[in-house]
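A.B. asks: Here is a sequence with its predicted model. Questions after.
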Amino acid sequence: MGGLVEWVVGWSQSPSAVTALFAIAFAESSFFPIPPDLLLITMALIDPEAAFFLALVCSVGSVLGGMLGYLIGWLGGRPLLHRIFSERKIAVVKHAFEKYEVWAIAVAGFTPIPYKVFTLSAGTFEIPFRPFVLVSAASRSARFFLVATFIYHWGESVRDLLVKYFNWFTLLFMVLLIGGFVLIRFATGRTRSKIPEAEETAVKN
């Protein structure tokens, strides 16, 4: 695995670096084990001005690769999943889809959870394709543009932190994001509950 990581990062010095970034992001969404973030970070550090363009390349490649993973899962079905993943992983992903539906893709697309497990499973469990693509695009873009933002503004000073703690950053960001949605939903629910009470009071008066 260490040699594979070095091979991925080594593409940053190649004239075909952008193509390699796209290809690795594409492949990682369905079968390749190394996330494209490492190459994205390295390339963005070499040319910070291109960080957001590189994030876009990474996002497009990843979403298209996720669509391929969906197709593979749809064609291969459960037998394919059982050949690639353990029964426990399949059960966990199935439960996530049953409970959270397409939003499970958002978590997998942004956090360190292997995205490929969910793209293949989404096709197998026949998750609606259009929401799958839209949520994938939003979550993967958020992940890669977060990297680009860090590099563009802080460059070398955050390199080691990104490489070492990036997974923790994404988890923290997702927790804060979900927490924000929960608070909004809670506040909205309280507001709606107060409306009937206000109307009832007005009628009595």
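C.D. replies: Sure thing, it's come through.

A.B. asks: Now tell me what touches stretch 129-136 from outside.
C.D. replies: 62-63, 66-67, 70, 102-103, 105-106, 109, 119, 122 (Cβ atoms under 8 Å, 6 or more residues apart in numbering). Where C-beta positions appear, they are placed from N, C-alpha and C, glycine not excepted.

A.B. asks: any weak-confidence spans in this protein?
C.D. replies: 1-2, 5, 110-113, 156-205 (pLDDT under 70).

A.B. asks: so where do the helices sit in it?
C.D. replies: 2-10, 17-28, 37-46, 51-84, 87-100, 103-110, 115-124, 129-154, 159-204 (DSSP state H).

A.B. asks: out of the ones you listed, deepest packed?
C.D. replies: For these, the largest average neighbour count (mean count of other Cβ atoms under 10 Å) is found in helix 115-124, namely a mean of 26.

A.B. asks: ok and that helix relative to helix 103-110, angle-wise?
C.D. replies: 150 degrees (axes from the mean of the first three to the mean of the last three Cα atoms, to 10 degrees).

A.B. asks: CA-only coordinates of helix 115-124 in CSV, if you can.
C.D. replies: The C-alpha trace of helix 115-124 is given here as CSV (Å, rounded to 0.1, in the frame of the first residue of the first chain):
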residue,chain,number,x,y,z
TYR,A,115,-17.2,5.9,-1.1
LYS,A,116,-16.9,3.0,-3.4
VAL,A,117,-18.7,0.7,-0.9
PHE,A,118,-21.7,3.0,-1.2
THR,A,119,-21.6,3.6,-5.0
LEU,A,120,-21.6,-0.1,-5.7
SER,A,121,-24.2,-0.8,-3.1
ALA,A,122,-26.4,2.1,-4.3
GLY,A,123,-26.8,0.4,-7.7
THR,A,124,-27.4,-3.0,-6.1
